[in-house]
Each structure stands twice: as C-alpha cells, then as structure tokens.
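[1] Provided below for reference: sequence and predicted model.
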Amino acid sequence: MKKYAAYVAGEWVDAGADGGNAIVDPASGEEVSQAPALTPQHVDAAVGAAQRALAQSDWATDARLRADVLLQWAGRIERNVEALARRLTLENGKLLGEAKFEIANQVNVIRFNAGLARSLCGHSHSLGARVMGVVLREPMGVVAVISPWNWPISLLVRDLAPALAAGNAVLSKPASQTAGISIEILSLLVECEGLPEGVVGMLTGSGGSVGQAIVEHPGVDMLAFTGDGATGKGIARDAAATVKKVALELGGKSPFVLCADADMEKAIATLARFIFFTTCGQICTAPSRLLVESSVEKEVCERLAQAIDGVKVGPGLDPASQMGAITTRDQYEKILSFVELGKKEATLVAGGEPVAGVDHGKCNFIAPAIFSGVDPQSPLVQEEIFGPVLTVQPFASDDEAVHLANSTPFGLASGVFTQNLDRAWFLSRGIKAGTVWVNNYNRFYAETEVGGYKESGVGRMAGFDGLHEFTQTKHINFDSTE
Ligand code: NAD
C-alpha cells in the first residue's frame, strides 16, 4: 500500500493520521494507495499561491520557459512508463497494455503542447492612418482541471498541458479513485527545473468538498471539467455566481453506423474492442449504440456473439486477461442494473452472464452483454451506461440512420463504417457529434480537437482550439490621431 502526499502552495501535505482517502484495486478489493483528503482551506492556499506565482514570476510571459518545463516533464514520464502503468492498472483496473499506452501517449501530447507554447500568437490590424489594433492572446489566470477516473492520465494531461502552455497556473483536482497515479504524474512535473512555485497544485479530495470549493472560489478564473453530465451541469450553474469560464467534456451514447457494404471483419473487431474490451467500455466515446443496416443485422449479431464468446475477464496485471475490472463499485452495480433491465425488456443476443469463479463481493468483473429489439426510448438506449453493454438497432435507409444516431441528448462521438464515399460523407455531415470516425474508431491525436455537441459538453480540447480554450483575447488600441 502506497501513501501519497499532495503538493499544495509549495508544500507537500500528507494524508494525516486518519489515512486520508483509501484507493482500492477493483480486481481484488485490496487497498493499494492512500491520498490526502484535502479541505477548502487547502484550496484557498493553492489559489493564493497560484495568483502570487503569476504575479511574481515570468511564467505567463515567457513561452520558452514553459516549453522547456513541458519538455522536461515529458522526458520524465517517458523514463518511467512501466512503473506508472502498473500503478494505473492497480487503481483503475484496466489491462496493463492499455495502461502503458495511456501513460506513454502523454509524452507525445505534452511535446506537442510544448511546441504550441512557442507558437501562440495574436493578430494586428491597421485601422487608420495613425491607428493600430493589436489583439493578444493572454492566459486565463488560475485554471482548475477537474478530471474523472476512467482515463485519468489522458484526461488530466489533455487539459493540463495546453493550460500550462498558454501561461496559466493550474490546479489539478483528480478523481479520488485514481488520485495516487495522478499525484505520481504531477510529481514529475512539479520537480521540473524552472517551474515557479505555486504554478502547479494538486488538490486531492472529494468532489463535494474540495471540488465544490474550487468551483466557488472567486480566485479561480476557469474550470476545465471532464466527467458526468449531472456533475457538469451543477458546476456550470455554481460557476456562474463568479462568472468563470467553463469548459465541459461530458458523457456520451455514441452511435456506430454499420452499412452492409462495410469491411465487416474490421468493423466488428473495432466495435468489440471499444465497447467491450478497452477499459470495459468505460469510455466517454464508447460506441454503445450499434445502428446496423437491416439486411445484415442477423449476420452482424452472430459475428458479435462470436467476438465475445469465451472472453477472459480478469485482473489487468494478468497477461491472460482480455478485459479488466470495472473501476468503482458504484459503476459495477449500475452496469449490472442495466443488464437486468435489458434482460427484462429486450432480447439478449449474447453475454450478460456473471463471470465465473470470482468473488463478486470484492472484485468488479463484468462480462459483455449485447441486446437487440430495444425500445428507442428505453434508458438502455437513452442513458449512458459506461460499461460493456451494446444495444443493436436496425436501419433501412441512411436518413433513418441519421435520425436514430441523433435521437439521444448526447453528441460526443460516432463511427461510420462503409466503403461508399458518398454514404460516408452524407452520414458524417448528418450526425450531430463532435467527432465522426470513418472506417475506424477512437483514434485520438494531439493535433485534432475533441468535444461534445448537445449535452455532451461545451468547448473544445486538444489541438489548436484546445490551446485557445485556455486563453482570452485582449485588444490594445494605439491611436495617435489628432
Ligand atoms: P464525476 O462527474 O462523478 O467526477 C468527475 C470529477 O469531478 C471527479 O474528480 C470528481 O471528484 C469531481 N466532482 C464531483 N462532484 C464535484 C463538484 N460538485 N464540484 C467539483 N468537482 C466535482 O464523473 P466520473 O464518474 O469520475 O466519470 C465518469 C463520467 O465522465 C462519465 O459520464 C463519462 O462519460 C465522463 N467522461 C467524459 C469524457 C469526455 O472527454 N467527454 C472523458 C471521460 C469521461
């Protein structure tokens, strides 16, 4: 069991006598880490330190310094991928190979943002014979990054790296369930040479206490929140009291549109990978609704049933496992209740049985489940399950596919599988989602933006827009007319 301390206002704060927040391995039920459960007083101290750092250091104005710090951080992560990945698997339950990918990929994301730091620029306008307007991009100030537990390091770095690149001070509020690995990643940053004290702070603790104190603090200028829709709506409401900028990356119920002419082998393997195997479907962009052309529905259901037949669900550290554990007990119970609902009101195509030979009182293992014959208005189709549960709906025309794709409150991501370019274009333009992957799925790049339509969020992260999200413009007008 590892005990972590959090870095707040230039000091390491440990978990105290009561042990702080216990982090449990979802594959065994054993406690593997402890992180401090901080208080609103720590939030106040961290905000004060961040404001002083911005006022007294060159951080906000020296882009080369920021690029240098980010490059150091990337190098430190690169040298520690193996150990960091093991801790991520222990706290989150995902497969070790996936954890290694998650950690190693941040090196690439941080290096991209280090380059962006030095490319941040505004524009100027000649507004008359003796008038010039200069529009600068300035940092927001003190930014809080509030992240969830499913891809805790990707989602932390996705927001933290551009926020720092843009010259902000950043306070990280990681999910309690994965606070230990988040502290490890942030520790590699706060030790970088040249980073002014107070520019980065770690605020571990519960959402209701530490998170809420961040949201309400008048000294926090922007919130970058990734998490559940209900939490995000509450944060947006409460942030309005101090008129904070808010970027929200929320849930999804993403459609995967499969046309009869598609490369079926690739389509089925891709779909199964991202709704069942990767993080057990606990991905905001998981393709949880299969929309399949009616002529191939039967064949596709048979192929999907084969894809999950005999799948080995087990600890992420076991190389034989093909699916790991559900990260939290609440999430485990929520998924099981949806599987029960599906058995009552739809047709179980395959899966849905308890995993054999494990202690269900302690280990959060769930097998995949596929349901057809679903009512389009059922919670199975309308609500985010965030687990390895797939619904299947047939469509007879491309218009119907677009209609079904857009028939939930969400609009985070989507997939289209067809070899017909015209159909791919029509479907991609018709679907209301921040991302459409054509003949692939869940491909994320540091260069390309992500974000939600409708109730899946506001704002864009990653890419150039992600950097700009953490800035505000200022027009300086030089006028020497008589
Ligand atoms: P959550 O909303 O419960 O928690 C997310 C974070 O918010 C945690 O750090 C939590 O402690 C904090 N928090 C909770 N209440 C708060 C409050 N009142 N004030 C401030 N902070 C508070 O979400 P979760 O269960 O950790 O994550 C799962 C959800 O995240 C799913 O809905 C999923 O779709 C979504 N998600 C979205 C994306 C995306 O990029 N769009 C990515 C991953 C996950």
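    Here it is on my side, so go on.
[2] So for the residue lying closest to residue 299 once chain neighbours are set aside, what's the pLDDT?
    Spatially, and ignoring its direct neighbours in sequence, residue 299 is nearest to residue 264 (7.6 Å; CB to CB, 6 or more residues apart in numbering). Heads up, the C-betas are built off the backbone N, CA and C, glycines and all. On the pLDDT scale, residue 264 is placed at 98.
[3] With the one 5 residues further on instead?
    At residue 269, the pLDDT value in this model is 98.
[4] how about the nearest residue to it, chain neighbours excluded?
    residue 307 (7.1 Å).
[5] And the helix or strand containing that neighbour, how far out from the chain middle?
    Per DSSP states H and E: residue 307 is located in helix 297-308. With CA atoms, centre = their mean, to the nearest Å as the basis, helix 297-308 stands 29 Å off its chain's centre.
[6] Excluding its own residues, what touches that helix? List them.
    Contact with helix 297-308 is made by 258, 264, 268-269, 271-272, 276, 290, 292, 349-351, 367-368, 370, 372, 390, 392, 394, as judged by CB atoms under 8 Å, 6 or more residues apart in numbering.
[7] rerun at 6 Å
    For helix 297-308, the external contacting residues (CB atoms under 6 Å, 6 or more residues apart in numbering) are 268, 272, 292, 349-351, 368, 370, 394.
[8] repeat for stretch 447-465
    Contacts for stretch 447-465 (CB under 6 Å, 6+ apart): 158, 229, 247-250, 252, 409-412, 432-434, 469.
[9] Give me every residue in the chain lying close to the ligand.
    Neighbours of the ligand within the chain, by CB under 6 Å from any ligand atom: 146-151, 155, 173-176, 207-208, 211-212, 215, 226-228, 231, 234-235, 249-252, 284, 384, 386, 412, 452, 457.
[10] Contact partners for residue 93?
    Residues counted as contacts of residue 93 (CB under 6 Å, 6+ apart) are 26-27, 316, 324-325, 327.
[11] contacting residues for the most centrally placed residue in the chain?
    Centroid-nearest residue in the chain, with CA atoms, centre = their mean: residue 155, separated by 4.1 Å. Residue 155 is in contact with 147, 226, counting by CB under 6 Å, 6+ apart.
[12] hang on, it in a helix?
    Yes - Residue 155 sits within a helix when classified using DSSP: H, G, I helix; E, B strand; the rest coil.
[13] distance of the residue nearest to residue 299 from the ligand?
    The gap separating residue 264 from the ligand is 28 Å, by CB to the nearest ligand atom, to the nearest Å.
[14] circling back to that earlier point, let me know the average pLDDT across the helix holding residue 307.
    For helix 297-308, mean pLDDT rounds to 98.
[15] Identify all contacting residues around the helix or strand that that helix is followed by.
    Following helix 297-308 in sequence order, the next helix or strand is helix 329-345 (DSSP H and E). With CB under 6 Å, 6+ apart as the test, helix 329-345 has contacts from 326, 352, 364, 366, 369, 371, 380, 385, 387, 389.
[16] Beyond helix 329-345, next helix or strand please.
    Next along from helix 329-345, by DSSP H and E: strand 347-351.
[17] And the helices in the stretch 1-150 of the chain, which stretches?
    40-56, 63-78, 81-92, 96-117 (DSSP state H, counting those that start in this stretch).
[18] related to what we said a few turns ago, give me the angle between the helix holding residue 307 and strand 347-351.
    Here the directions of helix 297-308 and strand 347-351 differ by 30 degrees (axes from the mean of the first three to the mean of the last three CA atoms, to 10 degrees).
[19] Could you export helix 297-308 as CSV, CA atoms only?
    Once non-C-alpha atoms are left out, helix 297-308 reads as follows in CSV (Å, rounded to 0.1, in the frame of the first residue of the first chain):
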residue,chain,number,x,y,z
GLU,A,297,-28.4,-7.3,-38.7
LYS,A,298,-28.6,-11.1,-38.2
GLU,A,299,-25.1,-11.8,-39.6
VAL,A,300,-23.6,-8.9,-37.5
CYS,A,301,-25.3,-10.2,-34.3
GLU,A,302,-23.8,-13.6,-34.9
ARG,A,303,-20.3,-12.2,-35.5
LEU,A,304,-20.6,-10.0,-32.4
ALA,A,305,-21.6,-13.0,-30.3
GLN,A,306,-18.5,-14.9,-31.6
ALA,A,307,-16.3,-11.9,-30.8
ILE,A,308,-17.2,-12.1,-27.1
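[20] Show me which positions of that helix end up buried.
    Of all the residues in helix 297-308, those buried under the rule 16 or more other CB atoms under 10 Å are 297, 300-301, 303-304, 307-308.
[21] Quick check: the farthest pair among these?
    Taking CB to CB, the two most distant members of the buried residues of helix 297-308 are 297 and 308; they sit 17.0 Å apart.
[22] sorry, back to before: distance-wise, check the residue nearest to the centre of the chain relative to residue 74.
    Counting by CB to CB, to the nearest Å, the separation of residue 155 from residue 74 is 17 Å.
[23] Likewise for residue 236?
    Taking CB to CB, one finds residue 236 at 32 Å from residue 74.
[24] where in the stretch 151-300 of the chain is pLDDT low?
    For the stretch 151-300 of the chain, applying pLDDT under 70 flags no range at all.
[25] quick one: the helices in it?
    Remark: helices assigned in the stretch 151-300 of the chain by DSSP H, counting those that start in this stretch are 152-165, 179-190, 212-216, 229-239, 264-272, 297-308.
[26] Single out the most deeply packed of those.
    Stretch with highest mean neighbour count among those: helix 152-165 (a mean of 27; mean count of other CB atoms under 10 Å).
[27] how far away is residue 223 from residue 449?
    Per CB to CB, residue 223 is found 19 Å from residue 449.
[28] Looking at these two, which has the bigger crowd around it?
    Taking neighbours as other CB atoms under 10 Å, residue 223 and residue 449 compare with residue 223 leading, 24 against 17.
[29] Report the contact partners of that one.
    Each residue near residue 223 by CB under 6 Å, 6+ apart is listed here: 144, 239, 244, 246.
[30] Kindly state the beta-bridge partners for the first one.
    Beta-bridge pairing of residue 144 under DSSP bridges involves residue 171, residue 223.
[31] Burial check on it, number of neighbours?
    Neighbourhood size, residue 144 [other CB under 10 Å]: 31.
[32] swap in the last one?
    Using other CB under 10 Å, residue 246 has 20 neighbouring residues.
[33] correct me, but it touches residue 237?
    No - here residue 246 does not reach residue 237: they are 9.8 Å apart, not a contact under CB atoms under 6 Å.
[34] Touching stretch 123-133 from outside, list them.
    The contact list for stretch 123-133 (CB under 6 Å, 6+ apart) reads 134-135, 475, 477-481.
[35] change it to 8 Å
    For stretch 123-133, using CB under 8 Å, 6+ apart, the contacting residues are 134-135, 475-481.
[36] Quick check: the residue of the stretch 51-200 of the chain nearest the ligand.
    Using CB to the nearest ligand atom, the closest approach of the stretch 51-200 of the chain to the ligand is made by residue 148 at 3.1 Å.
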